[in-house]
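Trainee: Quick one, fold the following:
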Amino acid sequence: MVFQKDPFNVIIGGVGGQGNVIASQVLGRILLPKGYVITIGETYGASQRGGAVMSHLRISAKDQFSPLIPEGQCDLLMALEPVEGLRILGQYGNPSVVSLINTRPIHPIEIISGQTPYPDVSEVLRRIGELSKGVWAFNATEIALEMGDPIFSNMVMLGALSMLDMLQIDRQGFEQAIGGLLSSGRLAQNLEAFDRGKMAVEKI
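Mentor: Here you go, the predicted model:
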């Protein structure tokens, strides 16, 4: 696969506890054996309190780049939380960015305590649509909950990402990548999550 630009910049964003960092590591491990140079950078807010967590992946055919993507240069966004997705697009988006969004919101403490309202999700998605060339949005957390644990939502999202035909993500590569990161007892569940994410995008 030849990208229209080099490096091809991917951001995986969410809040603490969603498995954002492991998702970026898995994606990097899938692409590295295919000959790409992968640089990963992480930015953390108050992650233990559900603050913002963002992973930057810079994918190149030949060169190593600085780990953080410059503002306005994200090519592909995978957001595990809708408001975080909108916030990231406001800083890193551009007219050609493609966005994959988990529509299930996570309410930070200031919203739970009533200090501030959470915006209407449909309005958030509308704004994301205005800021993106293309948007795929579905409730990955709901699929993960059907499997018994919301933590699988990150792997559901990676399965969905494989269907966008923007990166060389295949099931075999995914299985090899998670085999080096996760215990063998969780392999079957993560493969199921990946497959369910693929099916979810097929239905959109």
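
Trainee: mind listing the strands in this structure by residue range?
Mentor: Remark: strands assigned in the chain by DSSP state E are 8-15, 37-44, 52-60, 76-79, 98-102, 134-138.

Trainee: I'd like to know which elements the longest one is packed against.
Mentor: Pointing back at strand 52-60 there. For strand 52-60, the packing partners by 3 or more CB pairs under 8 Å, 6 or more residues apart in numbering; DSSP states H and E come out as strand 8-15, helix 20-31, strand 37-44, helix 82-92. Where C-beta positions appear, they are placed from N, C-alpha and C, glycine not excepted.

Trainee: deepest of these, which one?
Mentor: Mean neighbour count, computed with mean count of other CB atoms under 10 Å, is highest for strand 8-15 among those, reaching a mean of 26.

Trainee: Just checking: what are the partner strands of that strand?
Mentor: If you go by DSSP bridges, strand 8-15 pairs up with strand 52-60 (antiparallel), strand 76-79 (parallel).

Trainee: and Leu181, which of those strands is closest to it?
Mentor: Nearest to Leu181, of all those, is strand 52-60, at 14.2 Å by CB to CB.

Trainee: Give me the longest helix you can find in this structure.
Mentor: In the chain, taking DSSP state H as the definition, the longest helix is helix 187-203.

Trainee: could I get it in CSV with only the CA atoms?
Mentor: Output of helix 187-203 as CSV, limited to C-alpha atoms (Å, rounded to 0.1, in the frame of the first residue of the first chain):
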residue,chain,number,x,y,z
LEU,A,187,-6.4,-14.4,22.5
ALA,A,188,-9.8,-15.9,21.4
GLN,A,189,-11.7,-13.0,22.9
ASN,A,190,-9.6,-10.4,21.3
LEU,A,191,-10.0,-12.1,17.9
GLU,A,192,-13.7,-12.2,18.4
ALA,A,193,-13.7,-8.4,19.2
PHE,A,194,-11.7,-7.8,16.0
ASP,A,195,-14.1,-9.8,14.0
ARG,A,196,-17.1,-8.1,15.5
GLY,A,197,-15.6,-4.7,14.6
LYS,A,198,-15.3,-5.7,11.0
MET,A,199,-18.9,-6.8,10.9
ALA,A,200,-20.1,-3.6,12.5
VAL,A,201,-18.5,-1.5,9.7
GLU,A,202,-19.9,-3.8,7.1
LYS,A,203,-23.4,-2.8,8.4
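
Trainee: Show me the residue sitting in the middle of the chain in space.
Mentor: Residue closest to the average C-alpha location in the chain (CA atoms, centre = their mean): Met78, at 3.0 Å.

Trainee: Not counting stretch 157-176 itself, show me its contacts.
Mentor: 1, 8, 10, 23, 26-27, 29-31, 33-34, 59, 76, 78, 80, 98, 100, 102, 136, 138, 140, 187, 191, 193-198, 200-202 (CB atoms under 8 Å, 6 or more residues apart in numbering).

Trainee: So among these, which ones count as buried?
Mentor: 8, 10, 23, 26-27, 29-31, 59, 76, 78, 80, 98, 100, 102, 136, 138, 140, 191, 193-198, 200-201 (16 or more other CB atoms under 10 Å).
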